[in-house]
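In: Have a look at this prediction, sequence included:
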Amino acid sequence: MAASDLDASVRRDLLSLDKANAESVARHLVMVTRLLEEAPVLALEHARAARRRGGRVGLVRETAGIAAYNAGEWQEAVSELRTAKRITGNSALLPLIADAERGLGRADRAIEIARSEEGRSLTGEEATEMRIVEAGARMDLGEPEKALVTLQLENLSVGQAGTGPARLFYAYASALLAAGRRDDAVTWFMNASAADVDDVTDAEMRLVELADPDFDPDLGYQEGVDGSSAADDGADGDPVTADADRRVPHNPAPETPAGDVAPAAPAAGPSVREQVAEVPAADPPVAEEPPLAAVSATTGVAESSPVVADTEVVPVGGSAAQVDGDESPEEPESGEPAPETVMASYDALLLDLDGTVFGGHAPIVGARETLARAEIPQLFVTNNASRRPAEVAEHLNELGFEAGPEQVVTSAQSGAQLLAEHLEPGSRALVIGSDGLAQEVREVGIGVARSADDKPDAVIQGYSAHIGWAELSEAALAIRAGALWVATNIDATLPSERGLLVGNGSLVAAVANATGKTPLVAGKPAAPLMIDAIRRSGVNNPLVVGDRLDTDIEGAHTVGLDSVLVLTGVSTARDLLAAPPEQRPTYVVADLRGLYLPVDLVRIVAHEGWQIRIDGHAVTVVSAGGPVESLLPSLAAAVWASGESIDHEELTVSGADGTASEMLHRLGFGVVG
Ligand SMILES: [Mg+2]
């Protein structure tokens, strides 16, 4: 699709929005363009604001995906770019999607994309981009030889000049270096430098480094160009790959979080970004710098401007106004002002249910009193798509909580919303799931089909105890026939009193296996449910509270929110220590009562009262007068900072003294010695 076509189609799409809304979306898009390179996190906030208002517009999703990519929010980038591609058919997004998969540590998926029929049918610059990403993925996997073979499929004739050849030569040089062919690498960095008339690579810098006898290509300079970030690299044990790679020149903003957390070489097709840059600027209403919405100091999210959002924002009162009570049960001795609590640091709570608020048919210890006296709005955000909000609220009320259906955000609602965003009004979806899910689908104006023979436009799949082979087969038939596929959530298991049962994710996997397709996902850790929850809260700075690192906490990362892990459900203290960067919470507390602890006490950083020593796989805790609440935060901070060398299977955690041993035992670590 040519940029000029895109312009026209975007104008048309924006025209499909309410006028005031279209202007607001366009303003946010302009801000994304302006901030993309210099302030990628802020750019992403603007992109998200545009998405909230104009999520049906392909280019808005594309911009959101590129902004997420530039900010290193890989999961969100994958999800948005895939959606954009589905809407616009823009195949130039494929290399970006593949590269974002690399950012998530999924090099194999990046290769799969490159090798797919669609990946192979790219031409010109896009094809070259795809090869560069594929080669990068090979290097992620420690296969520089295969990276070389991949790049040799492109035109490596010396004498070409321009961005494309410069980037290709640079990637080739990096792969040569990773393969131990230093002299050849020097030659190709020189070729890259010669081709690089637009100065898009740092090939010259690499040549200077390689000319330095103290420079070890296996280690780089010891202090490293990335500061301490090597410790945070989720995926890659091989510094050559990560390092050589990270310098691949098309990283749009080397100082962004992307450079910090991701092993990936962003291979943003400049063509894609340029298209984005061109479009809003070419849009007449926004060309003359309209007044911008105020930007919140805390999050950078534009405060809601007086526009009609495409979905109504319903601020939720929660139990505010109920309680105007004392500060904290943990209030310190008289005289001193109470330190700010976790709760007081945020303006809403986005609470997971099972394992956080209740466990099956019983409230979790401390949950009722904590939530009863909370003065900020509370939303209950659940991946469970089998029950409707009113039923969930009723269950909460039976357990002694105060909750209304408007406080419950389910993956069924978000899944239905996804359908609405992708389908024309009046379309039909095959519903594989509960009646509650079917009802949510009807409420967004999509008809419900019950068989593949009805030729549905989409399939939506959520958990129900009544799904069997026959229903899954209907889904497979419809998906094979080209229906859009949405999964409410992909939790592999379903916790029960008897243990872990088969969850929706496992049923989705059966259909994926039968069709070779992957669904759009609404639930945590994917963005849609989290975004719906934020939107419903009507606030800028909510805190995500949950018991699972791989859904709740990763979901918080997906949308850039702070999070707190409670140890009353699935994830344990030991799991926390082993968490990859995208699953690391801001705080950890024993249970919900911890929300009234001082915010700095439970933040996951080093705390003065504890000394943590790490020797190989042995972690020793020395008590230096710290309270139990800051022990796990200190421990997690130390283990995370120690990098990738720890084998968590082998990890032992022990106390050097009686106090430390006792407290570790309470946290579930075996007491050694
Ligand atoms: Mg849970």
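Out: That came through, no problem.
In: Spell out which residues make up each domain of the protein.
Out: 3-286, 412-521, 597-673 (automatic domain parsing).
In: distance between the ends of the second one?
Out: In terms of CA to CA, to the nearest Å, the two terminal residues of domain 412-521 are separated by 11 Å.
In: gap between it and the chain center?
Out: 22 Å (CA atoms, centre = their mean, to the nearest Å).
In: for the record, mean pLDDT for it?
Out: Mean pLDDT, computed over domain 412-521, is 94.
In: again with the longest one
Out: Per-residue pLDDT over domain 3-286 has a mean of 74.
In: Please convert the domains of the chain to JSON lines, extending it with mean neighbour count and distance to Leu576.
Out: Where C-beta positions appear, they are placed from N, C-alpha and C, glycine not excepted. Below are the domains of the chain laid out as JSON lines (neighbours: other CB atoms under 10 Å; distance: least, CB to CB, whole Å):
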{"stretch": "domain 3-286", "mean neighbour count": "21", "distance to Leu576": "15"}
{"stretch": "domain 412-521", "mean neighbour count": "20", "distance to Leu576": "18"}
{"stretch": "domain 597-673", "mean neighbour count": "17", "distance to Leu576": "5"}
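In: do you know which of the ones you listed lies nearest Val570?
Out: domain 412-521 (6.8 Å; CB to CB).
In: ok, that closest one near the ion or not?
Out: No: for a cut-off given as CB under 5 Å from the ion, domain 412-521 has no contacts with the ion; the smallest distance is 7.7 Å.
In: heads up, I number from 53, so please use that
Out: In the new count, where the first residue is 53, that last one comes out as domain 464-573.
In: contacting residues around the closest residue to the ion within the stretch 353-502 of the chain?
Out: Proximity of the stretch 353-502 of the chain to the ion (CB to the ion) peaks at Gly407, 3.6 Å away. Contact analysis of Gly407 by CB atoms under 8 Å, 6 or more residues apart in numbering lists Ile416, Pro547, Gly598, Asp599, Arg600, Val618, Thr620, Gly621, Val622.
In: 10 Å instead, please
Out: Ile416, Pro547, Gly598, Asp599, Arg600, Asp604, Val618, Leu619, Thr620, Gly621, Val622, Ser623 (CB atoms under 10 Å, 6 or more residues apart in numbering).
In: Which one of those sits in the busiest neighbourhood?
Out: Neighbour counts for the contacts of Gly407 (other CB atoms under 10 Å) peak at Asp604, which has 31 neighbours.
In: Look up how far the ion lies from it.
Out: 6 Å (CB to the ion, to the nearest Å).
In: Wait, a helix at that residue?
Out: Yes: assessed by DSSP: H, G, I helix; E, B strand; the rest coil, Asp604 belongs to a helix.
In: So what's the predicted local confidence for the closest residue to it other than its chain neighbours?
Out: Once flanking residues are discounted, Asp604 sits nearest to Gly598: 2.3 Å by CB to CB, 6 or more residues apart in numbering. Predicted confidence (pLDDT) for Gly598: 98.
In: Can you list phi and psi of Gln204 for me?
Out: Per-residue torsions, Gln204: phi -70, psi -20 (degrees, to the nearest 10).
In: list the contacts for the residue nearest to Asp604?
Out: 402-409, 433, 576, 604-608, 615-618, 621-623, 637.
In: ditto for Ala437
Out: 462-468, 485-486, 488-489, 492, 512-516, 539-541, 556, 574-575, 581.
In: Please flag which of those sit within strands.
Out: Using DSSP state E, the members of the contacts of Ala437 that fall in strands are Thr462, Ile512, Gln513, Ala539.
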